[in-house]
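Below are the sequence and a predicted model for it; my questions follow.
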Amino acid sequence: MSNSDYKACPKTTLPEIAFIGRSNVGKSSLINMLMNKKNLAKTSSAPGKTQLINHFMINQSWYLVDLPGYGYAKVSRDKRGQWQKLISNYLRHRENLTVVFVLIDCRLEPQTIDLEFINWCGEEQIPFVLVFTKLDKVSNAEWERNFTKFQQAMERSWEELPASFASSSTTAQGREELLGYIQSLLG
Ligand code: GTP
Ligand code: MG
């Protein structure tokens, strides 16, 4: 089911896990990798592919949700504002939301827009974990450097750091760990 308004999302008490992050970070690709289906969620090399709140029911027991990305400069300002509202309303009001996976591109130095989004989740008391994406694109040394920098950036406003995962949709690295974590959440 795809919706442009959180109010039209399925009425359910099933637990729900949502994927969020900058446009092009790899949300839809990660969903496909985890579910072992090539084209479940639509992906594109052009940012701004996912434009709606997309609900996928899994095993009749939980929902996985693909969201539009935030803050990509190449997406028009109007659209960015529209999606931001869509996303924040959804995250604030969705009662069965168990946890949000916030995806971060592991190739980049800490980005203000990601840190601001994470801090907003904190203010709104929205539970989240971090998933660093595109691990296949960096060397181990680069990944460790960027991860350390990200942790240092978070330590400026957080006492405790969230759970963090690393993944590659190309090599399926991180798949077992993420699925295990989801399993533990769903009990
Ligand atoms: P929007 O829907 O536009 O917000 O983007 P998205 O976050 O859903 O990203 P999407 O999954 O569509 O992937 C964006 C681009 O990055 C595509 O060209 C993917 O093939 C590529 N990509 C995603 N994940 C990975 C990864 O782990 N490794 C590599 N090498 N490429 C990836
Ligand atoms: Mg997408």
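Done, it's in. Numbers count the residues shown, from 1 in each chain. Ligands and ions are numbered 1, 2, ... in the order given.

Could you pull out the strands in the chain for me?
2-3, 16-21, 53-58, 62-66, 97-105, 128-133, 164-166 (DSSP state E).

tell me the average confidence for the fourth one?
By that I understand strand 62-66. Average pLDDT, strand 62-66: 97.

Show me what that strand pairs with in its sheet, parallel or antiparallel.
With DSSP bridges as the test, strand 62-66 is paired with strand 16-21 (parallel), strand 53-58 (antiparallel).

And the helices in this structure?
For the chain, helices defined by DSSP state H occupy the ranges 27-35, 77-93, 112-123, 140-155, 175-186.

Which positions in the protein make contact with ligand 2?
Taking CB under 5 Å from the ion as the criterion, the chain approaches ligand 2 at residues 27, 28, 49, 50. Backbone N, C-alpha and C define where each C-beta goes, glycine included.

among those residues, which are in reach of ligand 1?
Here is what survives when the residues of the chain next to ligand 2 are matched to ligand 1 using CB under 6 Å from any ligand atom: 27, 28, 49, 50.

out of the residues you listed, which one sits closest to residue 103?
Proximity of those to residue 103 (CB to CB) peaks at residue 27, which lies at 5.6 Å.

give me every residue that touches that closest one.
Residues in contact with residue 27 (CB atoms under 8 Å, 6 or more residues apart in numbering) are 19, 20, 21, 41, 50, 66, 67, 69, 103.

Separate out the buried members of those.
Those of the contacts of residue 27 that meet the buried threshold are 19, 20, 21, 41, 50, 66, 67, 69, 103, by 16 or more other CB atoms under 10 Å.

Ignoring the adjacent residues along the chain, who's closest to the second one?
Pointing back at residue 20 there. Once flanking residues are discounted, residue 20 sits nearest to residue 67: 5.0 Å by CB to CB, 6 or more residues apart in numbering.

tell me the contacts of the one you found?
Contacts of residue 67 were listed using CB under 8 Å, 6+ apart, and they are 18, 19, 20, 27, 50, 53, 54, 86, 87, 90.

so the third one touches residue 83, yeah?
In other words, residue 20. No. Between residue 20 and residue 83 there is no contact under CB atoms under 8 Å: 10.6 Å.

Mutual contacts of those two, please.
In terms of CB under 8 Å, 6+ apart, residue 20 and residue 83 are both contacted by the residues 69, 70.

related to what we said a few turns ago, quick one: which of the buried ones among the contacts of residue 27 is nearest to residue 182?
Distances from residue 182 to those, taken by CB to CB, are shortest for residue 19, at 11.4 Å.
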